[in-house]
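# Need a 3D model of the sequence below.
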Amino acid sequence: MSTSQRYRLRNPASGREIVIEADRSEIGQQEIYLDRYTGEPLEVVGKLLPLAPSASRLPWAVENMRFCSWCDQLAQKDLNDCPTCGRRMGPLASRSTG
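Presented below is the predicted three-dimensional model:
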């Protein structure tokens, strides 16, 4: 289980974004993150879901989610147990390439 939170940072001038994993204390006013290409400071845009601590490392996006076969709530594809009801979810459907 990951205890560090992932954050999205943006270079205001270029709009380039990066995702970093950091502790809450590191993201505060003490740390300044710089764009490696331009050297300009990056601003925190937001936290990535799921919030830490979480058993999943996948961000919440349509392509990374599936429905629990028991409670019909969304859960990340990399989890075996549903975070809502706690039951074991069924196997993922296999894609046919034919």
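
# From here on, just use CA atoms for contacts and neighbour counts.
Will do.

# How about residues contacting stretch 60-71?
Residues from elsewhere that reach stretch 60-71 (Cα atoms under 8 Å, 6 or more residues apart in numbering): 48-50, 58, 73-77, 82, 84-85, 87, 89-90.

# Please report which of those residues has the highest neighbour count.
Comparing these by number of neighbours (other Cα atoms under 10 Å), Gln76 comes first, having 24 neighbours.

# ok, that one to Met65 distance?
4 Å (Cα to Cα, to the nearest Å).

# And the strands in the protein?
Per DSSP state E, the chain carries strands over the ranges 5-10, 17-22, 43-47, 65-67, 74-76.

# just so I know, which of those lies nearest Ile32?
Closest of the strands of the chain to Ile32 is strand 43-47, at 8.7 Å (criterion: Cα to Cα).

# Measure how far stretch 63-73 is from the centre of its chain, please.
17 Å (Cα atoms, centre = their mean, to the nearest Å).

# average model confidence for that stretch?
Stretch 63-73 carries an average pLDDT of 91.

# Buried ones in it, by neighbour count?
65-68 (16 or more other Cα atoms under 10 Å).
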